[in-house]
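In: only geometry, no sequence info:
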């Protein structure tokens, strides 16, 4: 499933990069996969080079949200900015 936007934003955080730049993480409202009882939670990360729009799935909305937090953490941790100590 390819996402182009995350829909309704339910949470947002600004992270500080070097030289006063910001990275922004936005989490969308969890919703059901079409034709399935399972859920997905979309998220977007801006300010780390390319914009990342992705999602995490789960058996219910809470698990999808929990997995989205994990995926966001991974994406931030492996970013070039985090590896070079520019992200805080």
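Out: Looks like it came in fine. The structure presented is a predicted model; accordingly, all values stated were derived computationally and were not measured.
In: hey, which helix is longest across the protein?
Out: Using DSSP state H, we find that the single longest helix of the chain is helix 61-77.
In: what does whatever helix or strand comes next after it rub up against?
Out: Once the chain leaves helix 61-77, the next helix or strand it forms, by DSSP states H and E, is helix 80-83. The contact list for helix 80-83, computed with Cβ atoms under 8 Å, 6 or more residues apart in numbering, reads 17, 18, 23, 48, 49, 76, 87. For every residue, glycine as well, the C-beta is placed using N, CA and C.
In: residues contacting the residue nearest to the third one when sequence neighbours are not counted?
Out: Translated: residue 23. Excluding the flanking residues, the one nearest residue 23 by Cβ to Cβ, 6 or more residues apart in numbering is residue 47, at 3.5 Å. Residues near residue 47 by Cβ under 8 Å, 6+ apart: 15, 17, 21, 22, 23, 24.
In: what packs against the longest helix of the chain?
Out: Judged by 3 or more Cβ pairs under 8 Å, 6 or more residues apart in numbering; DSSP states H and E, helix 61-77 is in contact with strand 22-28, strand 39-46, strand 52-58.
In: that older thread, will you turn the contacts of helix 80-83 into CSV that also has pLDDT and secondary structure?
Out: Compiled in CSV, the contacts of helix 80-83 are given as follows (pLDDT from 0 to 100; DSSP: H, G, I helix; E, B strand; the rest coil):
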residue, pLDDT, secondary structure
17, 92, coil
18, 87, helix
23, 96, strand
48, 92, coil
49, 86, coil
76, 96, helix
87, 87, coil
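In: now list the buried members of the residues you listed.
Out: 17, 23, 48, 76, 87 (16 or more other Cβ atoms under 10 Å).
In: which of those sit farthest apart?
Out: Maximum pairwise distance among the buried ones among the contacts of helix 80-83 (Cβ to Cβ): 11.1 Å, between 17 and 76.
In: which residues are common contacts for those two?
Out: Contacts common to residue 17 and residue 76, judged by Cβ under 8 Å, 6+ apart, are 23, 87.
In: residue 32: what's it in contact with?
Out: 38, 39, 40.
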